[in-house]
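Novice: Structure for this input, please:
(one chain, ligands or ions: 1)
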Amino acid sequence: MSLSRFAFPTAIVFGEGARHELAPSLQAQKLAHPLVVSDRGLAQQAFFKDWLAELQAAGLQVSTFTELGGNPVKSQVLAGAAAYKAAGADCIVGIGGGAALDVAKAIAVAATHPHDLFDYEDRPGARPIDQSLPPWFALPTTAGTGSEVGRSAVISDDQSHAKKIIFAPELMARQVFADPELTLGLPPALTAATGMDALTHLVEAFLAKGYHPLCDGIALEGLQMVQRSLVQAVHTPGDKPARAEMLLASLMGAVAFQKGLGLTHSCAHALSTVTDMHHGLANGIMIDHALRFNLVAVPERFDRLAQTLGLESGPVFFDWLRALKQEIGIPARLSELGIQASQIADLVTVAQADGCHANNPRPCSPDDFRQIFQEAL
Ligand SMILES: [Zn+2]
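Specialist: Here you go, the predicted model:
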């Protein structure tokens, strides 16, 4: 039997009000000067201003970088790194959705490494991340990407919009403060889209190639939590138990996908690159169309997904997905968002080049991707 290596190292404080634990925690670690990284929208909200005031009242010297909006790009990271150095900060606090958290991680790299940020992209021949990074702390405000427990940052080139992945175990947050109260203001459409991202992580991680029963167990438990709470969180935004369960399910999805993802994510990355579609929405539209391709390869894994949801058998899992999408307002097909057949060639090129389908349980060729996009149209 070959050796396996498993690791779940992120320290997580989870529950209503967890954000109030940041100040005492920083002080216990002798950190005095955080750079708070967030997006423009969040920075205008009352809870954000109250929370900053609370950090200051605790005696922390707080600097902010809140110039983020849309998909994160390199120039934002460089501006954030300049702000970190100019302020003389000793740690980074990312608060927001996946974009803000990814930028927080990338600022830690840019502020301490001398070469171009994309020289540290995760590819053969890249420069190693070999300088010690400032500690960073994560406060997610959406329940989807799970970036708070991830060890990679996705940053786009300002001009070409090409997505670059910076990956290193050192990019892991020192602590996560997962506070469901921070997700209560998320509008229904965004709750649905980010929730579908979490669901796709859980399902694709479970189906991914490789031996990882720990991740499989987390994925199945997370799947039940999504089944119990996603519809509720979309239709009753103030439902705290549903919000809490979705925040944790999202975090569990990202823990589970250290095992790998699959072809749905390659399709979603293509849709984001070619049509600028929201990542969660893209996964939500594609998940049933793409995963059907895997059914013949691993029918017993689909049976387990179905059993977890209280369904009879694997094929019924797809009915459940379609019904869920309809219930939370995720379009069934790409054409509902104006995607056209003429765009499929570009989508196939990007999807094929994407790394996620390397872990898909069934190999996927350009012809396969073409058929899947056509079927999803
Ligand atoms: Zn995703």
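Novice: next one: phi and psi at Phe167?
Specialist: Phe167 adopts backbone torsions of phi -130, psi 130, taken as degrees, to the nearest 10.
Novice: Distance check, it against Tyr120.
Specialist: To Tyr120, Phe167 is 9 Å away according to C-beta to C-beta, to the nearest Å. C-betas here are computed from N, CA, C, even on glycine.
Novice: who has more neighbours, those two?
Specialist: When neighbours are counted by other C-beta atoms under 10 Å, Phe167 and Tyr120 differ, and Tyr120 comes out ahead with 22 against 18.
Novice: So the more buried one sits against Gln131, correct?
Specialist: No: distance between Tyr120 and Gln131: 10.3 Å, which falls outside the contact criterion (C-beta atoms under 8 Å).
Novice: which residues are common contacts for these two?
Specialist: His113 (C-beta atoms under 8 Å, 6 or more residues apart in numbering).
Novice: For the protein, name the helix or strand with the lowest mean pLDDT.
Specialist: strand 163-167 (a mean of 89; mean pLDDT, DSSP states H and E).
Novice: buried residues in that strand?
Specialist: Using 16 or more other C-beta atoms under 10 Å as the burial criterion, the residues of strand 163-167 that qualify are 163-164, 166-167.
Novice: next one: stretch 66-77
Specialist: Of the residues in stretch 66-77, those with enough neighbours to count as buried (16+ other C-beta under 10 Å) are 66-68, 71-74, 76-77.
Novice: Enumerate every residue touching Lys164.
Specialist: Listed by C-beta under 8 Å, 6+ apart, the contact set of Lys164 reads 74, 118, 121, 154-157.
Novice: switch the cut-off to 10 Å
Specialist: If a contact means C-beta atoms under 10 Å, 6 or more residues apart in numbering, then Lys164 has 74, 106, 117-118, 120-123, 126, 153-157 as its contacts.
Novice: Just give the nearest non-adjacent residue to it, would you?
Specialist: In this structure, Lys164 finds its nearest non-sequential neighbour in Glu121, 4.6 Å apart by C-beta to C-beta, 6 or more residues apart in numbering.
Novice: With Ala244 instead?
Specialist: The nearest residue in space to Ala244 (C-beta to C-beta, 6+ apart) is Pro180, at 4.0 Å.
Novice: One more: Leu223?
Specialist: What sits nearest to Leu223 in space, not counting adjacent residues and going by C-beta to C-beta, 6+ apart, is Leu202, at 5.0 Å.
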